[in-house]
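Undergrad: Test case, fold it:
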Amino acid sequence: MAFYNKLSEVSAVSYPRLVAWRFRVKLHRIFSFHSYVTNSGSYYTYVLADEDGYKMEMTVYGDYENFKGFEEEEEKWVEIFRVKVDRSGPGFQAVNSPFKLIGTRDTQVRLINPPVNDRVFIDFKNIHAIPHMSSKERNHPIDTMGVVFNTEARFDLATPMMVFYIRDNIQIKCVATGEQAYAFWDGLEKMGRGQVIVALKMWRIRKHWNCSGPDDLSLETEGEISDFRFNPRLSEVEHFRQSLLNSDPYVKKYGVESLV
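TA: Alright, predicted model coming up:
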């Protein structure tokens with residue numbers, strides 16, 4: 001049986017001397033980006049999750065043949081060999097890890113079939129916890145969910161926006177921008193007229209100064225990192241749905257659509 005390193009094993013002790021890393025991970029999220037430092041790209045960042053749920057970024061700064069097609073394999077399990085390790089930089093990061101992986105032309109990536117398991121590795125945070133998160137915690141995107149209401153499309157702006165709120169007895173403002181604004185609008189229209197639960201994957205918490213009271217918080221898309229699903233058939237979402245039907249006056253009055 002093949003031996004695999006865990007992402008959590010990457011540490012200050014092993015970095016950067018150990019180079020023969022061998023990981024078995026799920027491609028949890030894949031997004032492209034453009035380097036404004038070198039004015040080049042598009043490049044890809046892969047958010048990886050191992051079997052323990054530990055996450056780490058892997059960035060590929062070249063159009064390498066060995067990575068061709070893998071940008072279309074989100075949520076698939078892969079083996080990764082001969083990958084470099086580097087320290088994470090300052091500022092907003094897709095995951096909370098002090099290290100990141102760098103894919104090179106020598107890195108080997110192979111699909112695993114059948115998959116190791118069917119875990120989705122979405123770590124839902126209750127929206128009640130968001131106001132109590134520290135500035136350090138807000139430096140990473142979060143997963144959360146709520147019932148969608150009070151939607152407003154602002155497609156006439158230079159950057160199109162879809163503004164909406166989600167609730168779980170309390171409410172929080174959310175903003176999808178660019179192509180994701182159109183995708184949110186189209187997806188919501190297809191769900192019909194009932195109340196819909198949306199699961200937000202890797203959205204950024206924004207803090208807005210308020211001179212007359214506590215600072216306002218909102219959830220916003222962060223480039224191509226962020227994603228969403230309407231009424232996904234997940235056990236956590238079904239539990240959330242049943243809880244709302246018993247506790248939230250708004251949901252008890254209007255109901256909520258079944259999962260799809």
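Undergrad: Whichever strand or helix holds D86 packs against which elements?
TA: Element membership for D86, per DSSP states H and E: strand 84-87. Applying 3 or more C-beta pairs under 8 Å, 6 or more residues apart in numbering; DSSP states H and E, one finds that strand 84-87 contacts strand 99-103. C-betas here are computed from N, CA, C, even on glycine.
Undergrad: mind listing what the very next helix or strand once past the strand it packs on pairs with, with the direction of each?
TA: Sequence-wise, the next helix or strand downstream of strand 99-103 (DSSP H and E) is strand 108-111. Applying DSSP bridges, strand 108-111 is found paired with strand 77-81 (antiparallel).
Undergrad: which residues sit against the partner strand?
TA: 2, 4, 21-27, 48, 58, 70, 101, 103, 107-112, 115-116 (C-beta atoms under 8 Å, 6 or more residues apart in numbering).
Undergrad: From those, keep the buried residues only.
TA: 4, 21, 23-27, 48, 58, 70, 101, 103, 107, 109 (16 or more other C-beta atoms under 10 Å).
Undergrad: Grab the nearest non-local neighbour of C174.
TA: L219 (4.5 Å; C-beta to C-beta, 6 or more residues apart in numbering).
Undergrad: Listing partners with orientation, what would you give for the host helix or strand of the one you found?
TA: Here L219, judged by DSSP H and E, is contained in strand 216-220. According to DSSP bridges, strand 216-220 forms sheet pairs with strand 170-177 (parallel), strand 197-208 (antiparallel).
Undergrad: Could you list the low-pLDDT ranges of the stretch 151-260 of the chain?
TA: 193, 260 (pLDDT under 70).
Undergrad: who touches E51 in this structure?
TA: Per C-beta under 8 Å, 6+ apart, neighbours of E51: K6, R24, V116, N117.
Undergrad: let's see it at 6 Å
TA: For E51, the contact set (C-beta atoms under 6 Å, 6 or more residues apart in numbering) is empty.
Undergrad: List the residues that contact the most centrally placed residue in the chain.
TA: Note on the chain: the residue nearest the mean C-alpha position is M202, at 2.6 Å, using C-alpha atoms, centre = their mean. Residues in contact with M202 (C-beta under 6 Å, 6+ apart) are P141, I225, S226.
Undergrad: In strands, which of those fall?
TA: Of the contacts of M202, none are assigned to strands by DSSP state E.
Undergrad: re the thing from before, from H128, how far out is the residue nearest to the centre of the chain?
TA: Going from M202 to H128 by C-beta to C-beta, to the nearest Å gives 20 Å.
Undergrad: can you list the domains in the chain?
TA: Following automatic domain parsing, one finds the domains of the chain at 7-111, 127-254.
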